[in-house]
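Student: Everything below, folded, please.
(one chain, ligands or ions: 1)
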Amino acid sequence: MLVRYAFIETYKTPFYCNNFSSHSTMSIYQATTSAPVNIACIKYWGKRNESLILPTNSSLSVTLSQDNLRSTTTARADPSFAADCLWLNGKVDPIKPGGRLHTCISEMKRLRTAFEAANPDQPKIASFNVHICSFNNFPTAAGLASSASGFAALVYALAKLYALPQTPEELSLIARRGSGSACRSLFGGFVAWDMGSDDVTGLDSKARQVASESHWPEMEALICVVNDAKKGTSSTSGMQRTVVTSALLQHRIGYVVPSRMADIESAIADKRFGDFAEITMRDSNQFHAVALDTYPPIFYMNDVSRAIIAIITEYNRLSDQPKAAYTYDAGPNAVIYALTPNVREIAQLVLYYFPQAEKVIIGGQEVEAALPEGFNE
Ligand code: DP6
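Tutor: Model (predicted):
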């Protein structure tokens, strides 16, 4: 169910319609695109440069290809618009001067200006204001990385609107300025964000596809929405506090993440699920340990999150190699990675402990609660 390339529904731009008053034609410059959420296996947590959004460590995620975990964004440029304007889920989201939205929109206009200079036959639309409309079809800010899909969709919609030649890797530099994790949602499959070393331009801090969506089609994600309320401490402010106060973060970025990045890339390349799972769970654990080591401490998981960890740990004890990998972002919801043949058993197990959960359908059939053989309650 995972890893399919991210973007759908792109309209051709520009298309033409009648101008009713004069019977002449007028151009409408508009594009729609959508981008999915991504869930990190190696977590990004900490910035070394706040304005360029340069991270203190590299990270790696899986892009979820499902239709029900997406941001869909329409961008339109028109000379009659008095200002740039953005609506998120139907409500105006102010574009503050110098803020992240403003930066992303200005950077995209800068690319269009350069494109028009190099292609004089192209319409001059870089100076028009834009209206942008974005919808998430899942709870915003519930630890399901809505800013990641949101900024990826915004950048990609503007790239389509402006017919830009830039690659997803180049566009990831701009999505990163909206929200760090957004740079990874410009690719499907398994995606690394290399932290880079150029602190002046940040031009080497970008996303890279490690393996495509078709590389490991048996990989699935079971998302357990524990709570879809808006989270308490935002990622941005949480990681700022961590960088200033946590000694454990220094150990993590200096000694742990570099080898983990290499190890998980090799586990993905060879499709070694056991290694992939162990690295993913260890990295989630360390990210939440770093949150706890922050002063004052930050708690993203709750009792239900910890119960799911205990259940998956006991489940993994039943086989030589882990068959399930939990991971938690800045919220209490669990994402459990597993291979297709094991997903039903894991869903049965989760439903056994949480019978109040909504029904899970696999292969057209409702999953019944059950315990695997040998499982110690
Ligand atoms: C825990 O990308 O939301 O999900 O760059 O400040 O917008 P900003 O932070 P954001 O942080 C995501 C943190 C994380 C881990 C991850 O996705 O790698």
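Student: near the ligand, which residues of this protein?
Tutor: With Cβ under 6 Å from any ligand atom as the criterion, the chain comes near the ligand at residues 40, 43-45, 53, 59, 145, 147, 179-181, 235-236, 329-330. Using the backbone N, CA and C atoms, a C-beta is placed for each residue, glycine as well.
Student: Got phi/psi on Phe190?
Tutor: With angles defined as degrees, to the nearest 10, Phe190 sits at phi -100, psi 130.
Student: Got a ChimeraX select line for the buried ones in the residues of the chain next to the ligand?
Tutor: Buried subset of these, written as a ChimeraX selection, criterion 16 or more other Cβ atoms under 10 Å:
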select :40,43,44,45,53,59,145,147,179,180,181,235,329,330
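Student: And the furthest pair within the residues of the chain next to the ligand?
Tutor: Farthest-apart pair in these is Ile53 and Asp329; separation 16.9 Å (Cβ to Cβ).
Student: quick one: low-confidence ranges for the stretch 51-200 of the chain?
Tutor: Along the stretch 51-200 of the chain, the parts satisfying pLDDT under 70 run over 139-145.
Student: those helices in it, which residues are they?
Tutor: Remark: helices assigned in the stretch 51-200 of the chain by DSSP state H, counting those that start in this stretch are 100-118, 146-161, 168-178.
Student: Can you report how many residues lie near the closest residue to Glu169 other than its chain neighbours?
Tutor: Of all residues not flanking Glu169 in the chain, Lys206 sits nearest, at 5.5 Å (Cβ to Cβ, 6 or more residues apart in numbering). Look at Lys206: counted by other Cβ atoms under 10 Å, it has 24 neighbours.
Student: just for the stretch 251-377 of the chain, where's the confidence low?
Tutor: Looking at the stretch 251-377 of the chain by pLDDT under 70, you get an empty list.
Student: now the strands: where do they sit in it?
Tutor: Using DSSP state E, counting those that start in this stretch, the strands assigned to the stretch 251-377 of the chain run over residues 324-327, 334-339, 361-362, 365-366.
Student: Can I get these in JSON lines including mean neighbour count and distance to Tyr162?
Tutor: Putting the strands of the stretch 251-377 of the chain into JSON lines (neighbours: other Cβ atoms under 10 Å; distance: least, Cβ to Cβ, whole Å) gives the following:
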{"stretch": "strand 324-327", "mean neighbour count": "24", "distance to Tyr162": "35"}
{"stretch": "strand 334-339", "mean neighbour count": "24", "distance to Tyr162": "34"}
{"stretch": "strand 361-362", "mean neighbour count": "12", "distance to Tyr162": "40"}
{"stretch": "strand 365-366", "mean neighbour count": "9", "distance to Tyr162": "46"}
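Student: of all those strands, which lies closest to Tyr156?
Tutor: Closest approach to Tyr156 among the strands of the stretch 251-377 of the chain (Cβ to Cβ): strand 334-339, 23.2 Å.
Student: What are the contacting residues of the closest one?
Tutor: 39, 41, 62, 218-224, 226, 273, 276-277, 280, 305, 308-309, 312, 323-329, 346, 350 (Cβ atoms under 8 Å, 6 or more residues apart in numbering).
Student: Just the buried ones from those residues?
Tutor: Buried by 16+ other Cβ under 10 Å: 39, 41, 62, 219-224, 226, 273, 276-277, 280, 305, 308-309, 312, 323-329, 346, 350, out of those.
Student: Just the ones in helices from those, please.
Tutor: Phe273, Phe276, Ala277, Thr280, Ser305, Ile308, Ile309, Ile312, Ile346, Val350 (DSSP state H).
Student: Closest one to Ala357 out of the residues you listed, please.
Tutor: Val350 (6.9 Å).
Student: show me what contacts that closest one?
Tutor: Leu222, Cys224, Ile308, Ile311, Ile336, Ala357, Val360.
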